[in-house]
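Q: My questions are about this predicted structure, shown below with the sequence.
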Amino acid sequence: MSIEGPYLSALIARLPMPEFNLAAYGIAFSLAMIFEAPVIMMMSASTALVTNYKSFLQLRKFNYLLIFLLTALLSLFCVPGIFYFITENLIGLPPEVSHLTHIAVIILIPWPGAIGFRRFYQGILITHGLTKLVAYGTAIRLTSMSLTAFMFFAFTNVPGVVVGATALSTAVLCEAVASKIMALKIIKKLKIETEPVETTLTQLNILKFYYPLALTSLLTLGIQPFVTFFIGQSRMAIESFAVMPVVTSLVFIFRAFGLSYQEVVIALTGDNFINHKSLKSFAIKLAIFSAGSLMIVAFTPLSEIWFKNVSGLSELLTEFAATPLKIMSFFPVLTVLISFQRAILVKSKETKQITYGTAIEFIGIMIVVAICIKYFMLVGAIAATISFVLGRIAACVYLLIPAKKSLQLSKSSIQSV
């Protein structure tokens, strides 16, 4: 999945008005992610809660209601009077960027529904050890995205942001359908094997378990418009808007290893965290590998090759993107750490602690980016990346205590038995 960002950014950079279209694509993606945020944790919820057919039905009902609500809200957000008031009056986007962003967000209306749908079924696949099928679904997503993007790129004259948004919407819809089809055998098996089994899982139980996770994602992704607002008030704002999606999409390739590790830990840690040490050892190796690989790119001529030759940035933007990438090069370590911590807390059903940690990250990012831009007059992209790193460090430090406490409680329960 992490290939999507660099691939689409490279196409957009090679189309007319690359700076405006790259900026609009990055902002539209950030806005769509806010509406997607509440369903992102559906994979973790499905992995943790779907144990029989009745729990499957309960969580599916909850998921469908959530998807409907988010799609309705995103559609309302796209009403021109509301959209332009927020993007131009509140955020301060230039009219050229705001118009292109509006088109892209309209195209991305199916995004939250498709993401929630496929993450629900992917969680079921993960629980039953069929992670290869999740990878096959991603291959379908990448293939459909690539074909759509290339056809629009080669045979139309639409703006670059339309190419990117259309490719993304097509891809997630195809992957959602594929995930449902791949999970059908498991669902039939659950229905046959566990039909007589009662479940204590109710809509209220799910809400109590899930709302801290949804709030966590909302806080994590909701920070983007605030950061966008401050970037708009900074020096070299357009250049910052243009390079941010390119930089963050490259970092995401290396963060992806850590992001996917959360569901791995939930699925494999076992009762009372019996496999904790093995998973922790693997996490350390994973962090070293992912961050080390990104640092090799960030601090060598490979970064110039990536930004200029692969991503298609101009000489000016290539040079401009180098420093933000170096600042973010340590971020994959923090991604592995926080995924590991969150997995422990999800498994312990201490999801509120995850929300508290994310709130600390949110507040930290807001404070740091405001100080960097308003008082130190830093370039927007540099201020944003510094704030992302420091905010994540604050969240990881906070989660150390509740995660450790959950592990100690599980060890105590083993000893008492």
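A: Thanks, I have it.
Q: And residue 203, how close does it get to residue 118?
A: 22 Å (CB to CB, to the nearest Å). Where you see a C-beta, it was placed from the backbone N, CA and C, and this is true even at glycine.
Q: Quick check: end-to-end length of stretch 319-337?
A: The first residue of stretch 319-337 is 31 Å away from its last residue (CA to CA, to the nearest Å).
Q: and residue 203 and residue 118? which has more neighbours close in?
A: The neighbour count for residue 203 versus residue 118, taken as other CB atoms under 10 Å, is higher for residue 118 (28 against 12).
Q: Need the three-state assignment for the more buried one.
A: Here residue 118 is recorded as helix under DSSP: H, G, I helix; E, B strand; the rest coil.
Q: Poorly predicted segments of the stretch 151-300 of the chain, please.
A: 194-199 (pLDDT under 70).
Q: got the contact list for residue 258?
A: 286, 287, 290, 332, 335, 336, 337, 338, 339 (CB atoms under 8 Å, 6 or more residues apart in numbering).
Q: what helix or strand is it on?
A: helix 237-259 (DSSP states H and E).
Q: if I read this right, residue 90 contacts residue 229, doesn't it?
A: Yes: if you go by CB atoms under 8 Å, residue 90 and residue 229 touch, sitting 7.1 Å apart.
Q: out of those two, which sits in the busier spot?
A: Neighbours were counted for residue 90 and for residue 229 using other CB under 10 Å; residue 229 has more, 16 against 12.
Q: how many other residues sit next to the residue nearest to that one when sequence neighbours are not counted?
A: Leaving aside its sequence neighbours, residue 229 sits nearest to residue 91 (CB to CB, 6 or more residues apart in numbering; 4.9 Å). By other CB under 10 Å, 21 other residues sit near residue 91.
Q: can you check residue 84 too?
A: Counted with other CB under 10 Å, residue 84 comes out at 17.
Q: Look at it and report its pLDDT.
A: In this model, residue 84 is scored at 91, pLDDT.
Q: element containing it, please.
A: Using DSSP H and E, residue 84 maps to helix 80-84.
Q: got the buried residues for that helix?
A: Across helix 80-84, burial judged by 16 or more other CB atoms under 10 Å covers 83, 84.
Q: thinking again about what came up before, how much space between the residue nearest to residue 229 and residue 101?
A: Residue 91 is 10 Å from residue 101, by CB to CB.
Q: send the alpha carbons of the helix holding residue 84 over as PDB?
A: Extracted in PDB, the C-alpha atoms of helix 80-84 (Å, rounded to 0.1, in the frame of the first residue of the first chain):
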ATOM      1  CA  PRO A  80     -19.300  24.200  -1.800                       C
ATOM      2  CA  GLY A  81     -20.300  26.800   0.800                       C
ATOM      3  CA  ILE A  82     -19.000  24.600   3.600                       C
ATOM      4  CA  PHE A  83     -15.900  23.400   1.800                       C
ATOM      5  CA  TYR A  84     -14.600  26.700   0.600                       C
END
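Q: which other helices and strands contact it?
A: Helix 80-84 is packed against helix 95-107, with contacts defined by 3 or more CB pairs under 8 Å, 6 or more residues apart in numbering; DSSP states H and E.
Q: chain center to the helix it packs on, what's the gap?
A: With CA atoms, centre = their mean, to the nearest Å as the basis, helix 95-107 stands 21 Å off its chain's centre.
Q: So for that helix, what gets flagged as buried?
A: For helix 95-107, a neighbour-count test (16+ other CB under 10 Å) marks 97, 98, 99, 100, 101, 102, 103, 104, 105, 106, 107 as buried.
Q: Alpha carbons of it, in PDB - could you do that?
A: Extracted C-alpha coordinates of helix 95-107, given in PDB (Å, rounded to 0.1, in the frame of the first residue of the first chain):
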ATOM      1  CA  PRO A  95      -8.100  29.700  -4.500                       C
ATOM      2  CA  GLU A  96      -6.200  27.600  -7.100                       C
ATOM      3  CA  VAL A  97      -5.300  24.900  -4.600                       C
ATOM      4  CA  SER A  98      -8.700  25.000  -2.900                       C
ATOM      5  CA  HIS A  99     -10.600  24.400  -6.100                       C
ATOM      6  CA  LEU A 100      -8.400  21.500  -7.100                       C
ATOM      7  CA  THR A 101      -8.700  20.100  -3.600                       C
ATOM      8  CA  HIS A 102     -12.500  20.300  -3.700                       C
ATOM      9  CA  ILE A 103     -12.600  18.200  -6.900                       C
ATOM     10  CA  ALA A 104     -10.400  15.600  -5.400                       C
ATOM     11  CA  VAL A 105     -12.300  15.300  -2.200                       C
ATOM     12  CA  ILE A 106     -15.600  14.800  -4.100                       C
ATOM     13  CA  ILE A 107     -13.900  11.900  -6.000                       C
END
